[in-house]
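> Pasting the sequence and the predicted model now:
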Amino acid sequence: MTNVLSRKMVGVARRVTHKSGYVSFRAKPGYHYVPDVYGRSAHKHLDIRTLPVFGETAAEVIAQGRTLLYYDRLYTIYQALTNAQRNFAGAADNLHAAEVGVYKGGGSYFINSILRSLGVENAYLHCFDTFEGHASADVQTADTFQRPGMFEDTQYESVKQYLQPFPDTRLYKGRFQEQCAQVADHKFCFAHLDVDLYEVTKVALEFFAPRLFAGAAIIVDDYGFATCLGVKQAVDEFMAEPNGFVGFHLLTGQFLLIKHG
Ligand SMILES: C[S@@+](CC[C@H](N)C(=O)[O-])C[C@H]1O[C@@H](n2cnc3c(N)ncnc32)[C@H](O)[C@@H]1O
């Protein structure tokens with residue numbers, strides 16, 4: 001009797017909250033809930049925070065408060081880097097990786113730390129940002145929710161100092177479109193594109209595509225987020241033609257491209 005009553009009460013509470021625009025569910029720690037537009041599903045996940053190397057590095061970087069990325073998206077980056085280490089670390093004199101859209105530097109710190117923890121000693125990380133936020137010239141019609149000056153609360157000098165523990169880091173201040181020529185002679189084992197905008201994402205994809213080792217990955221952040229429609233447009237245009245890449249839309253919001261052949 002009590003059970004029937006409490007089930008009815010839960011049902012009433014759900015209907016009331018739903019009418020007010022909320023969804024209520026029984027929160028179970030460690031479960032991953034699929035957005036209801038994709039169907040209903042809840043699965044208990046392995047706790048990636050307990051994984052050696054990844055767990056402590058991600059926790060350190062998140063605690064520093066200098067990245068917008070959280071465990072889920074950092075984990076995709078971590079996996080791309082472990083593949084880069086396995087496949088390319090012994091194959092080249094020097095490895096080159098890149099992050100376009102560095103902001104306060106947390107993502108670059110994470111990439112550097114992981115490479116170091118994986119024993120990769122010969123890797124340069126090339127980090128690109130205006131360090132003044134989005135430039136007016138870059139915000140286009142496709143970038144509905146983006147505004148000139150967004151992410152301007154960072155400074156080149158401060159990021160440079162923050163990344164000092166990693167002497168093989170190169171920081172490029174200015175629009176990627178105007179800076180990328182400086183690294184045009186390198187082959188890359190990994191690129192993380194996190195600029196939230198159409199044109200620079202497109203330019204970066206076209207820049208890195210021919211300069212990537214076969215088997216290497218590009219991760220494009222924000223592809224699946226409604227706030228970055230320009231990023232989706234850039235990736236979709238890039239993937240519309242045969243381009244030597246296989247691509248995956250991950251439910252972390254990232255788009256993963258792997259070069260084949
Ligand atoms: C979402 S933030 C990057 C977040 C960062 N990866 C993190 O880990 O928190 C986007 C960055 O892209 C940068 N950006 C936008 N347009 C750019 C361009 N044309 N060239 C280089 N950086 C650009 C912005 O200045 C901003 O810092």
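That came in fine, so what should we check first? Numbering: from 1, shown residues only.
> From start to finish, how long is stretch 85-101 in a straight line?
Terminal residues of stretch 85-101 lie 23 Å apart, using Cα to Cα, to the nearest Å.
> Not counting its own residues, what contacts it?
81, 84, 107-108, 111, 115, 118-120, 122-129, 176, 183, 186-196, 200, 204, 208, 213, 215-216, 221 (Cβ atoms under 8 Å, 6 or more residues apart in numbering). In short, each C-beta sits where N, CA and C put it, glycine included.
> buried set for it?
The neighbour-count check on stretch 85-101 (16 or more other Cβ atoms under 10 Å) flags 85, 88-89, 95-101 as buried.
> Narrow those to those in helices?
Among these, the members falling in helices (DSSP state H) are 85, 88.
> got the residues of the stretch 101-250 of the chain near the ligand?
Along the stretch 101-250 of the chain, the residues adjacent to the ligand under the rule Cβ under 6 Å from any ligand atom are 101-103, 106-107, 128-130, 133-135, 138, 151, 175-177, 194-197, 200.
> Just the buried residues of the contacts of stretch 85-101.
Among the contacts of stretch 85-101, those buried by neighbour count (16+ other Cβ under 10 Å) are 81, 84, 107-108, 111, 115, 118, 120, 123-129, 176, 183, 186, 188-196, 200, 204, 208, 213, 216, 221.
> After the longest strand anywhere in the chain, which helix or strand is next?
When the chain is parsed with DSSP state E, its longest strand is strand 212-220. Where DSSP states H and E defines the elements, the next helix or strand beyond strand 212-220 is helix 229-239.
> Give me the helices and strands touching that next one, please.
helix 198-208, strand 245-249, strand 255-259 (3 or more Cβ pairs under 8 Å, 6 or more residues apart in numbering; DSSP states H and E).
> related to what we said a few turns ago, mind putting the buried residues of stretch 85-101 into TSV with distance to Y156?
Shown next, in TSV, are those (distance: Cβ to Cβ, whole Å):
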residue	distance to Y156
Q85	29
F88	29
A89	30
L95	24
H96	21
A97	20
A98	17
E99	14
V100	15
G101	14
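> which of the buried residues of stretch 85-101 sit farthest apart?
Greatest spatial distance among those (Cβ to Cβ): A89 and G101, at 25.1 Å.
> follow-up on the earlier one: let me know the closest of the buried residues of stretch 85-101 to the ligand.
G101 (3.2 Å; Cβ to the nearest ligand atom).
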